[in-house]
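Visitor: coordinates for the following, if possible.
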Amino acid sequence: MTTTFSPHAPAARGSGGGCGEESSVVTRFSPTPRTDPGECHGDVPKWNDTHGQVTRPSRHAPETRQAERTDPSACHAPQVHSSHPATTEASIARVAARQHGVISRGQLVGLGLTDAAIYSRCRRGRLHRVHHGVYAVGYIAATALAQAMAAVLACGERTALSHRSAAALWELGVTARGAVDVITPQHRHHRGVVIHRSRTLTAQAVTTHHGIRVTTPLRTLIDLADVADDRSLARAMNEALLQKLVRQEEVAAALDGASGRRALRRLRALVERADTPTRSVLEDAFLAFVDRYALPRPTVNQRVAGFEVDMLWRAKQLIVELDGRAVHDRSQSFEDDRERDAELTAAGFRVVRVTWQRLRDHPGREAERLGRLLTS
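Guide: Next up is the predicted model:
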């Protein structure tokens with residue numbers, strides 16, 4: 001299961017950079033959200049904070065607000081207390097609209113709702129439980145942004161989206177998979193959430209993007225080094241540089257100050273080799289191929305004779321253009337590429353085209369051919 005983040009979440013309907021050592025233990029849960037447990041008759045039930053079960057309040061004792069006071073999702077909400085139903089519903093809708101259609105129990109209490117009122121809305125389908133203490137307003141939260149926001153709200157105010165989920169939110173070419181990744185210094189357990197505990201997460205390492213608390217791009221890259229493969233990490237690094245979310249020297253400085261995380265040496269290697277950021281997975285794969293076969297490393301996305309070329313060995317006057325089917329399949333693209341090759345050849349450069357299939361299926365043959373061209 002893969003998840004794609006989009007900034008366009010459905011509007012809520014009316015309720016009608018620290019980088020030190022991190023714990024290597026994560027908790028994984030099924031990503032499937034659940035609704036409030038079954039029907040209840042008689043006295044209005046309330047949630048048991050420890051087990052998520054339904055218990056009945058005493059008929060004689062006033063209902064306690066201890067659960068709301070200790071609710072980790074009790075983020076600050078405007079204190080709007082009104083007996084007018086339309087005002088309450090509009091206030092709930094406004095808060096949820098800012099949060100991709102979800103709201104925390106603490107925020108509902110801040111808007112004047114009692115346990116009985118929250119439970120009643122769940123029974124009538126105006127609220128849908130996403131996590132303990134977090135609800136979708138008016139519809140079941142189905143978007144990736146809603147699920148991300150719900151996970152952050154559920155785990156408390158010191159929590160932020162992180163790792164793969166943060167990389168997906170920043171659009172770093174990494175796809176979030178299944179459960180939502182969050183980072184927090186607290187002990188939390190929620191279905192559909194991967195908890196990464198960190199004792200060194202600082203306020204400077206957290207920001208807000210699309211209204212969701214998330215690790216900064218720099219901290220996201222550092223965390224991603226712990227969980228992503230080499231190809232995904234390289235793509236994320238290049239996307240962050242291309243989008244100007246981070247600077248190469250900024251990443252290098254953060255790595256110099258880091259300790260205790262062995263995975264960071266992979267990120268350091270990318271920083272040391274970085275010159276001009278690549279623009280595609282195919283370019284990343286070609287540079288990895290060059291390193292694997294000990295070929296001289298080219299410069300990337302340089303301008304020659306008025307054209308931007310993929311790979312350039314300027315001293316050897318050799319250009320490699322990388323052909324992916326999605327870009328070069330159309331007849332007009334084919335003609336444009338040949339016109340471009342002719343102009344580059346006229347400017348005194350040799351042009352070699354390498355396809356994804358040849359790079360994948362016959363890398364040795366491609367390496368031998370390029371080796372001859374680079375030594376001639």
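
Visitor: per-residue confidence averaged over stretch 245-253?
Guide: Taken as a whole, stretch 245-253 has a mean pLDDT of 91.

Visitor: please apply the same query to stretch 323-335.
Guide: Mean predicted confidence for stretch 323-335 is 65.

Visitor: repeat for stretch 369-376
Guide: Averaged across stretch 369-376, pLDDT comes to 93.

Visitor: which residues in the stretch 101-250 of the chain form strands?
Guide: Taking DSSP state E, counting those that start in this stretch as the test, the strands found in the stretch 101-250 of the chain are 102-104, 127-131, 134-137, 160-161, 176-177, 180-184, 193-198, 206-209, 212-215.

Visitor: elements contacting the fifth one?
Guide: Put plainly, it is strand 176-177. strand 2-3, helix 163-169 (3 or more C-beta pairs under 8 Å, 6 or more residues apart in numbering; DSSP states H and E). All C-beta spots, glycine's among them, are computed from the backbone N, C-alpha and C.

Visitor: who does it pair up with?
Guide: Sheet pairing of strand 176-177 (DSSP bridges) gives strand 2-3 (antiparallel).

Visitor: and what of the second one?
Guide: Applying DSSP bridges to the sheet, strand 127-131 is found paired with strand 134-137 (antiparallel).

Visitor: show me where the stretch 101-250 of the chain has its helices.
Guide: For the stretch 101-250 of the chain, the helices defined by DSSP state H, counting those that start in this stretch occupy 105-110, 115-123, 144-154, 163-169, 217-224, 230-242, 248-256.

Visitor: and the second one with strand 127-131, angle?
Guide: With axes from the mean of the first three to the mean of the last three C-alpha atoms, to 10 degrees applied, the angle from helix 115-123 to strand 127-131 works out at 100 degrees.

Visitor: and helix 115-123, how far out from the chain middle?
Guide: On the basis of C-alpha atoms, centre = their mean, to the nearest Å, helix 115-123 sits 33 Å off its chain's mean C-alpha point.

Visitor: with mean neighbour count and distance to Arg273 as extra columns, can I get the helices of the stretch 101-250 of the chain in a markdown table?
Guide: Converted to a markdown table, these look like this (neighbours: other C-beta atoms under 10 Å; distance: least, C-beta to C-beta, whole Å):
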| stretch | mean neighbour count | distance to Arg273 |
| --- | --- | --- |
| helix 105-110 | 25 | 47 |
| helix 115-123 | 17 | 54 |
| helix 144-154 | 27 | 32 |
| helix 163-169 | 27 | 20 |
| helix 217-224 | 26 | 15 |
| helix 230-242 | 21 | 9 |
| helix 248-256 | 16 | 10 |
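
Visitor: want to throw those helices into TSV with distance to Thr345?
Guide: Converted to TSV, those look like this (distance: least, C-beta to C-beta, whole Å):
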stretch	distance to Thr345
helix 105-110	65
helix 115-123	70
helix 144-154	47
helix 163-169	40
helix 217-224	40
helix 230-242	29
helix 248-256	34
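
Visitor: out of those helices, which comes closest to Arg358?
Guide: Smallest distance to Arg358 across these (C-beta to C-beta): 18.1 Å, for helix 230-242.

Visitor: next, the angle from that closest one to helix 217-224.
Guide: Using the same axes, to 10 degrees, helix 230-242 lies at 180 degrees relative to helix 217-224.

Visitor: give me the residues contacting helix 230-242.
Guide: Contact with helix 230-242 is made by 167, 170-174, 217, 220-221, 224-225, 228, 245-248, 251, 266-267, 270-271, 274, 277-279, 281, 284-285, 287-288, as judged by C-beta atoms under 8 Å, 6 or more residues apart in numbering.

Visitor: Leu233 and Thr220, how far apart?
Guide: Using C-beta to C-beta, to the nearest Å, Leu233 is found at 11 Å from Thr220.

Visitor: same deal with Asp336?
Guide: Applying C-beta to C-beta, the value for Asp336 to Thr220 is 37 Å.

Visitor: so Leu145 sits against Ile212, correct?
Guide: Yes: Leu145 is within contact range of Ile212, at 7.1 Å (criterion: C-beta atoms under 8 Å).

Visitor: now list whatever residues contact both of these two.
Guide: With C-beta under 8 Å, 6+ apart as the test, Leu145 and Ile212 both reach His100.

Visitor: wouldn't Glu171 be in contact with Thr220 here?
Guide: No: Glu171 lies out of contact with Thr220 (C-beta under 8 Å); the separation is 11.2 Å.
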